[in-house]
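Visitor: Prediction below, plus the sequence it came from.
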Amino acid sequence: MGEACAYCDVVFNLPLPGALTYRVEAAHSHCAVGSRVVAPVGRRSLTGFVVAVHDTAPAKLASVKAISRLVDKEPLFDVEYISLAQWISEMYLCSLGEALATMAPTGRSERELPRIGGDDETLSPVPVTLSQAQHRAVRRLVGSGQQMFYLYGKTGSGKTEVFLHVAERVIAGGCGVIYLVPEITLTHQLVDSIRVRFGEQIAVLHSGLTPSQRLTEWRRIRAGEANLVVGARSAVFAPVRKLGLVVLDEEHEGSYKSGSTPRYHARQVAMKRCAAAGARLVMGSATPSVEAWHLMRVGRFERLVLTERLSGGAAPQVETVDLSGTAGGLSRELIEEIRATHRAGRQSILFLNRRGFSYFFHCRSCGFEMHCTRCAVSLTYHKHRDAMVCHYCGYSTRPVQVCPECGSLDVGYSGFGTQKLEEDLAREFPELRISRLDTDAVRKKGVLSETLRAFRNGETDMLLGTQMVAKGLNFPGVRLVGIVMADTGLQLPDFRLAERTFALIVQVAGRAGRFAPDGRVVVQTFRPHHDAIRDAARGEVESFYARELEIRKELGFPPFSRLIRVVVRGKNLGRVRAVADRLGAALREQAGTQTSAPLEVLGPAECPIGMIASRHRVHVLVRSTVFAELHAAMSSALRSIKLPHGVYLEPDVDPVQLM
């Protein structure tokens, strides 16, 4: 509880430059820093965060409004946490209130947390025996004075067990641990094994919790009742007492970067928190990001390597198949491997990074394509709903039989998604029990966990899906992995697409043969000679990173520069372009004052996806080799822009995608 105070400074989830001061009535005199209050802002009443308390009235204000009520009996956070929020605010070019709204829970009351997962009877609370390489990694991680490490090893090489052994040592020493994973809903096995081993010491934070359940976990962590926090991106903000270790599993995953304000990256926040607390940061992946690979090469991260699969498996045999001339998504080679796998009593996983039945409608007479009326993207046909759906804004409409442009009846659908592939598989293999995992299939609560349970227990023969089958799956019965179309994203205008394609193939292929030496992977593609696809299929990791770094250096892209992107969006295209032009001019003016390194301004230009949800989108990119000057120039330029009604700015520091 805080001491009695007369005034408090409050920040809100609004793009305001500073805090607002309010009077604290006697009934709320225990208002303290870190508490939430409801207070009037203009004509609205909003929930905000108290960031300071004081006894004297602001000199420049004639009258001060009073807070309406106090939300929390005890503060959610302390002054140290506000310091982290201020860093988030400055680093990612947002307000302090927007930073705290992202970091802190929003529940009003605490609720019992449902237990995640099951199948505890299949897991041992006793840690497994480590290999020599794992032992060496644990000793180095525990005994070194170094703060930042990277555990690099092929899929199935035992990185998770190393993470957990180090976590046990850290907790035994009286410190807390944050264990970050890309998507908590896809890591049931990990959460269960951690819960069995650590018991009530564990707290789980993820997007599937209600705000009140999240608040319950938050209170437990802050009270010291849980000293191991497992969660997705936002768990990096957990108020762990005496932080000693942060684990960033599958570091390469794009989901660690927030897609809304503030657009923080969990890796950067983890580095900041570990530096402030004197804690260790341990990252790991079989496919490190290009930036992380570079930082290992120059010695910023100490690299530890695991080389062997530990469950009796071996690197799978990989076959690349050219899809040119193949009708549909099933090549002869993939069909034969599926049959061989089924005859052997084993299971298959097929990956296609495109949901829906077919991915665009077109007229064969005039070339008309059916686009979303609110976004600059093609609509996807979903057969089970008999609807054309936009995967960006959710807009849907009935499919048409006549071209609305020229009146032709010669219309149809092109491409294929997971729904179409599921139909083709059922027709080709009527004897197989097939389950589909994508966003459409798992909308109903419990479907995801039930589908994975059935596959784990051998009740289904094949798992077909999108990104959901690419990570977090570790099943003994899997012999075959088929990547139906490996080059779905290579045509998009983004300098990271080769990196993503390489990582995806390696990660998906890693689901095969984890427990037996007979794994098979079939990589289908229209571009078998593309460097990323060829290197991934051959397992030529060093070759891929060396080539990619050489290309990045030549083109001046990260890790050899830093980028800041600002998207200007709004319904009125003229206003959007005018603001983007003013921002570009302000940045070019700033560029003329730089001394340490040149500041390059790219744009304004229409975003590759020029409209989403009826909002036009224009972006400006700025890059430099000196981040401090780059950031200062962008901060100054943004402060100079006055926004007309209906136009918004979305700054993105170190963007991971440019769409």
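Guide: Good, I have the coordinates.

Visitor: where along the stretch 51-200 of the chain do the helices fall?
Guide: In chain order, the stretch 51-200 of the chain shows helices spanning 79-91, 96-103, 132-143, 159-172, 188-198, with DSSP state H, counting those that start in this stretch as the criterion.

Visitor: most tightly surrounded among the ones you listed?
Guide: When neighbours are counted by mean count of other C-beta atoms under 10 Å, the highest per-stretch mean among those falls to helix 96-103, a mean of 23. Where C-beta positions appear, they are placed from N, C-alpha and C, glycine not excepted.

Visitor: Now the nearest residue to residue 20 once chain neighbours are set aside: phi and psi?
Guide: With C-beta to C-beta, 6 or more residues apart in numbering as the measure, residue 10 is the residue that lies nearest to residue 20, at 5.5 Å, once sequence neighbours are left out. Dihedral angles phi and psi of residue 10 (degrees, to the nearest 10) take the values phi -130, psi 140.

Visitor: Tell me the confidence at the closest residue to residue 467 other than its chain neighbours?
Guide: If you skip the residues right next to it in sequence, residue 467 has residue 353 as its closest partner in space, 6.5 Å away by C-beta to C-beta, 6+ apart. Here the pLDDT value assigned to residue 353 is 75.

Visitor: check contacts around residue 353.
Guide: Taking C-beta atoms under 8 Å, 6 or more residues apart in numbering as the contact definition, residue 353 lies against 466, 467, 485, 488, 489, 504.

Visitor: can we see that at 10 Å?
Guide: When the contact criterion is C-beta atoms under 10 Å, 6 or more residues apart in numbering, the partners of residue 353 are 417-418, 438, 465-467, 470, 483-486, 488-489, 500-501, 504, 508.

Visitor: for residue 87, same thing?
Guide: For residue 87, the set of contacting residues under the criterion of C-beta under 10 Å, 6+ apart consists of 99, 264, 268, 269, 272, 273, 276.

Visitor: Let me know whether my guess that the third one is in a strand holds.
Guide: No: with DSSP: H, G, I helix; E, B strand; the rest coil as the criterion, residue 268 is located in helix rather than a strand.

Visitor: Let me see the confidence value for it.
Guide: Residue-level pLDDT assigned to residue 268 equals 96.

Visitor: measure it to residue 246 for me?
Guide: For residue 268, the distance to residue 246 under the criterion C-beta to C-beta, to the nearest Å works out to 12 Å.

Visitor: neighbour-wise, which of these two wins?
Guide: In this comparison of residue 268 against residue 246, neighbours counted by other C-beta atoms under 10 Å, the higher total goes to residue 246 at 29 against 18.

Visitor: quick one: the more buried one and residue 278 touch, right?
Guide: No: taking C-beta atoms under 10 Å as the definition, residue 246 is not a contact partner of residue 278, at 12.0 Å.

Visitor: shared neighbours, those two?
Guide: Common neighbours of residue 246 and residue 278, using C-beta under 10 Å, 6+ apart, do not exist here.

Visitor: Give me the buried positions along the longest helix seen in the chain.
Guide: The residue-count maximum for a helix in the chain (DSSP state H) belongs to helix 573-591. Neighbour-count burial for helix 573-591 flags 575-580, 582-584, 586-587, 590-591 (criterion: 16 or more other C-beta atoms under 10 Å).
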